[in-house]
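Participant: kindly generate the corresponding structure for this input.
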Amino acid sequence: MTRNASPAVQSSALIAALLALAAFPPVAHSATITVDTLEDVVDADGDCALREAIEAANANAAVDGCAAGDQSPRTPTSSASPRR
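Facilitator: Below you'll find the model as predicted:
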């Protein structure tokens, strides 16, 4: 004859399992593509314009001075300062 665990024990075990899963969320790695110019061009001058960064992210390949993208989603950022 087998005896089933009480509902309270089952609930406690379920909560413990969910907390354990929540403690180790999956990690998404993504490339950082830093825009370093305010120019709106795609050329081979060694810098990374926003247009080039978007192309690198979409193609998952390096474009001019921009790092290659990867398969995970990303948000473009810029470190460019206005020229005076």
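
Participant: only C-alpha atoms from now on, for both contacts and neighbour counts.
Facilitator: Fine.

Participant: buried stuff in stretch 40-47?
Facilitator: Within stretch 40-47, the residues that count as buried by 16 or more other Cα atoms under 10 Å are Val42, Asp47.

Participant: gap between that stretch and the chain center?
Facilitator: 24 Å (Cα atoms, centre = their mean, to the nearest Å).

Participant: just the C-alpha atoms of it, please, in PDB.
Facilitator: Taking Å, rounded to 0.1, in the frame of the first residue of the first chain, the C-alpha atoms of stretch 40-47 are listed here in PDB:
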ATOM      1  CA  ASP A  40      25.500  58.900 -41.100                       C
ATOM      2  CA  VAL A  41      27.500  56.900 -43.600                       C
ATOM      3  CA  VAL A  42      28.600  53.400 -44.400                       C
ATOM      4  CA  ASP A  43      32.200  53.600 -45.500                       C
ATOM      5  CA  ALA A  44      35.600  52.000 -44.700                       C
ATOM      6  CA  ASP A  45      37.100  54.700 -42.500                       C
ATOM      7  CA  GLY A  46      37.500  52.600 -39.300                       C
ATOM      8  CA  ASP A  47      34.700  54.200 -37.200                       C
END
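
Participant: tell me the SS of Leu14?
Facilitator: Secondary structure, DSSP: H, G, I helix; E, B strand; the rest coil: Leu14 is helix.

Participant: ok, it to Ala44 distance?
Facilitator: Using Cα to Cα, to the nearest Å, Leu14 is found at 57 Å from Ala44.

Participant: ditto for Ala8
Facilitator: 66 Å.

Participant: quick check: the gap between Thr32 and Ala44.
Facilitator: 20 Å.

Participant: and the nearest residue to Ala31 once chain neighbours are set aside, which of the three is it?
Facilitator: Nearest residue to Ala31, sequence neighbours excluded (Cα to Cα, 6 or more residues apart in numbering): Gly69, at 5.6 Å. Secondary structure, three-state DSSP: Gly69 is coil.
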